[in-house]
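heads up, no residue letters with this:
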């Protein structure tokens, strides 16, 4: 890691800390830093309650979701050899959500069922994305992905209209039990992502090249995809779809620290955590007493980002196997 | 390393190679020469195990190449292809590190120190942290060579290593190869476009035409204007250039 990369890490870590502190103060009721200190020392039980049972799990959940989705995006971009490949654009998270809805309909009481349903959904979407002809053309991959995404969300609407529960990509009302689930998922998934991050670099070489070097490109690719599905379907199971994090964050991170996945993946983690916390905090306060979901704000932010990126990089940014 | 009555054709295509039997003796430099499309690169890919013969077999140390695991094979032979695609920006040192994959478990982290010697061998130490896209064609070719050397191969296969390089880089690369060969006793099999280069550097030549092995032997034996004329379908003449030695030239006209 060179000095400018270290500097960016430092900047993002500082930003994260500041944002976390600010996020604790904001919400339906403003809690100043002084009040926070006195609340934590037991003087204001009401505020203590708000901070610990409402804001703390929500902040942690936002950090985790952002980090998980951003890492999933980076992994998917490496495995698909396409910088536009993002689990939400490719329909993986919509498939996960649809399967969660199905699962809730068929086996409503099965514990841990949501996560398993979401993983099955993500894997199901992957089936359509990993055919040879789709992998060959970068644009085909994206078009097939968008078509899948629309199809799955169409079905999702069809089914969820008849039922009361829907996941909306919002962190509103998240509990400690949800957050603990996310924590286990996120930490395990991201730890594996860091371990396999050198593979993401090796995959920049062609398959034949890697084979003549004794490696198995297929194994590497599918491992990255499996971790990607685990992370993105995992967040979807808990909070629903939050789109575009996986495309915005890794591509910004590439500008900051370059294209080496061993530094890009940890940077995406931090940046993703920060971005989703910012988005969620803004969503919490702009339309008080109501809220804007993180998903809505990410759509508004991510859509234009994708358009600008496509226009700027049309000729040189997208390569595929 | 040996080709045993090897024929090859791509599915639904005409036969590319016809019944080739030839041996690459250990510790020698062998060049495959012949006109474009005669099947030279296909021979190299068969030797590397990238392609499998339609008929016959390829053996390495008297053992069929299919019996080696991918890792075993990669620790015995390395190939530098003519075209090396990269899908994203990658640092020089990371490309060289892939050459160490045969010696590592799946999740091992390969350290920078492990590849410093291969960077040094190919005069790349200064460029280690640079992205590949910032390098010239000749430098990139050296990176792929360094990555192949990092495999510590007994056999090194090179597909037109000097094509696209200007003359200075060509001489450079040839000097590096010669030096390596002398120091490490690597067996080198390469496809060379420039026949004079091939004659100068090789211990043995394989002359290929239309997928058939027309002749094999030492350069001494192959300095034969009729033989070369037949292979390249041109009038060839061998002249002597002061301070260089024999030089093969094509005489225009039929």
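Okay, I see it. Computed from a predicted model, the values in this text were never measured in an experiment. Residues are numbered from 1 along each chain as shown, chains lettered A, B, ... in the order given.

can we go C-alpha only for contacts and neighbour counts from here?
Noted.

Tell me the buried residues in the strand or helix carrying residue A:304?
Assessed by DSSP states H and E, residue A:304 sits inside helix A:294-313. Judged by neighbour count (16 or more other Cα atoms under 10 Å in any protein chain shown), helix A:294-313 contains these buried residues: A:294-298, A:301-302, A:309.

ok, and what's touching it?
Defining contact as Cα atoms under 8 Å, 6 or more residues apart in numbering or on different chains, one finds that helix A:294-313 is touched by A:168-171, A:241-245, A:247-248, A:276, A:279-280, A:283.

Packing partners of the helix or strand hosting residue A:224?
Using DSSP H and E, the element containing residue A:224 is helix A:217-239. On a contact count with 3 or more Cα pairs under 8 Å, 6 or more residues apart in numbering or on different chains; DSSP states H and E, helix A:217-239 meets helix A:56-80, helix A:92-106, helix A:113-129, helix A:176-195, helix A:197-202, helix A:207-212.

which residues touch the second one?
Under the contact criterion Cα under 8 Å, 6+ apart, helix A:92-106 has outside partners A:87-88, A:113-115, A:117-126, A:149, A:152-153, A:155-156, A:159-160, A:166-167, A:229, A:232-233, A:236-237, A:240-241.

what angle do that helix and helix A:113-129 make?
In terms of direction (axes from the mean of the first three to the mean of the last three Cα atoms, to 10 degrees), helix A:92-106 departs from helix A:113-129 by 130 degrees.

Around chain B, which positions in the stretch 101-250 of chain A sit nearby?
Residues of the stretch 101-250 of chain A lying close to chain B by Cα under 8 Å from any Cα of the partner chain are A:195-196, A:198, A:201-202, A:204-206, A:208-215.

Of those, which is the most crowded?
Within those, residue A:213 tops the neighbour count with 28 neighbours, counted by other Cα atoms under 10 Å in any protein chain shown.

So it is in contact with residue B:101, correct?
Yes. Using Cα atoms under 8 Å, residue A:213 is in contact with residue B:101, at 6.4 Å.

quick one: common contacting residues for these two?
Listed as contacting both residue A:213 and residue B:101 by Cα under 8 Å, 6+ apart are residue B:151.

still on that earlier bit, adding distance to residue B:138 as columns, could you present the helices and strands packed on helix A:217-239 in JSON lines?
Below are the helices and strands packed on helix A:217-239 laid out as JSON lines (distance: least, Cα to Cα, whole Å):
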{"stretch": "helix A:56-80", "distance to residue B:138": "27"}
{"stretch": "helix A:92-106", "distance to residue B:138": "42"}
{"stretch": "helix A:113-129", "distance to residue B:138": "37"}
{"stretch": "helix A:176-195", "distance to residue B:138": "34"}
{"stretch": "helix A:197-202", "distance to residue B:138": "22"}
{"stretch": "helix A:207-212", "distance to residue B:138": "19"}
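
want to throw those into CSV with mean pLDDT?
CSV is the format used below for these (pLDDT from 0 to 100):
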stretch, mean pLDDT
helix A:56-80, 95
helix A:92-106, 86
helix A:113-129, 90
helix A:176-195, 94
helix A:197-202, 94
helix A:207-212, 92
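
Which part of chain A gets nearest to chain B, residue-wise?
Here chain A gets closest to chain B at one residue, residue A:214, 4.0 Å apart by Cα to the nearest Cα.

hang on, that residue packs against residue B:98?
No. With contact defined as Cα under 8 Å, residue A:214 does not count as touching residue B:98 (9.3 Å).

Tell me which of the helices and strands packed on helix A:217-239 is the most buried.
helix A:56-80 (a mean of 29; mean count of other Cα atoms under 10 Å in any protein chain shown).

Where does pLDDT dip in chain B?
Within chain B, the ranges that satisfy pLDDT under 70 run B:254.

Which parts of it are helices?
B:40-48, B:70-76, B:92-97, B:116-121, B:137-149, B:167-184, B:195-201, B:219-222, B:225-232 (DSSP state H).

out of those helices, nearest to residue A:138?
Among the helices of chain B, the nearest to residue A:138 by Cα to Cα is helix B:92-97 (23.5 Å).

buried set for the closest one?
With burial defined by 16+ other Cα under 10 Å, the residues of helix B:92-97 counted as buried are B:92-97.

Equivalent analysis for stretch B:48-61, please.
For stretch B:48-61, a neighbour-count test (16+ other Cα under 10 Å) marks B:48-49, B:52-53, B:55-60 as buried.

Which members of the residues you listed additionally contact chain A?
Filtering the buried residues of stretch B:48-61 for proximity to chain A (criterion: Cα under 8 Å from any Cα) leaves residue B:48.

Contact partners for residue 180?
Picking chain A for this. Neighbours of residue A:180 in contact, by Cα under 8 Å, 6+ apart: none.

I was thinking of chain B, sorry if that wasn't clear
residue B:186.

Please apply the same query to residue A:70.
Residue A:70 makes contact with A:245-247, A:249-250, A:268-269, A:271-272 under the criterion Cα under 8 Å, 6+ apart.

wait, isn't residue B:71 in contact with residue A:214?
Yes. When contacts are counted by Cα under 8 Å, residue B:71 is listed as touching residue A:214 (4.0 Å).

For the stretch 1-150 of chain B, which residues are neighbours of chain A?
Neighbours of chain A within the stretch 1-150 of chain B, by Cα under 8 Å from any Cα: B:48, B:50, B:70-75, B:78-79, B:84-91, B:94-95, B:98-102, B:107, B:109.

now those: which count as buried?
B:48, B:70-71, B:73-75, B:78-79, B:86-91, B:94-95, B:98-102.

returning to what we had before: residues shared between the contacts of residue B:71 and residue A:214?
In contact with both residue B:71 and residue A:214: residue B:102, using Cα under 8 Å, 6+ apart.

thinking again about what came up before, out of the buried residues of helix B:92-97, which comes closest to residue B:122?
Nearest to residue B:122 among these is residue B:96, at 10.9 Å by Cα to Cα.

quick one: buried residues of stretch B:135-153?
For stretch B:135-153, by 16+ other Cα under 10 Å, it's B:137-153.

and for it, what are the contacting residues?
Residues from elsewhere that reach stretch B:135-153, judged by Cα under 8 Å, 6+ apart: A:213, B:74-80, B:92, B:95-102, B:115, B:118-119, B:121-122, B:124, B:132, B:156, B:161, B:164-166, B:169, B:173, B:186.

Any idea which residue is closest to the centre of the chain?
Defaulting to chain A. By Cα atoms, centre = their mean, chain A has its centre lying nearest to residue A:69, at 1.4 Å.

was after chain B, sorry
Residue closest to the average C-alpha location in chain B (Cα atoms, centre = their mean): residue B:158, at 1.6 Å.

First-to-last residue distance for stretch A:152-169?
Using Cα to Cα, to the nearest Å, the end-to-end distance of stretch A:152-169 comes to 16 Å.

Excluding chain neighbours, give the residue nearest to residue 125 in space.
All of this refers to chain A. Among residues not flanking residue A:125 along the chain, residue A:92 sits closest, at 5.4 Å (Cα to Cα, 6 or more residues apart in numbering or on different chains).

other chain: chain B
Once flanking residues are discounted, residue B:125 sits nearest to residue B:119: 5.1 Å by Cα to Cα, 6+ apart.
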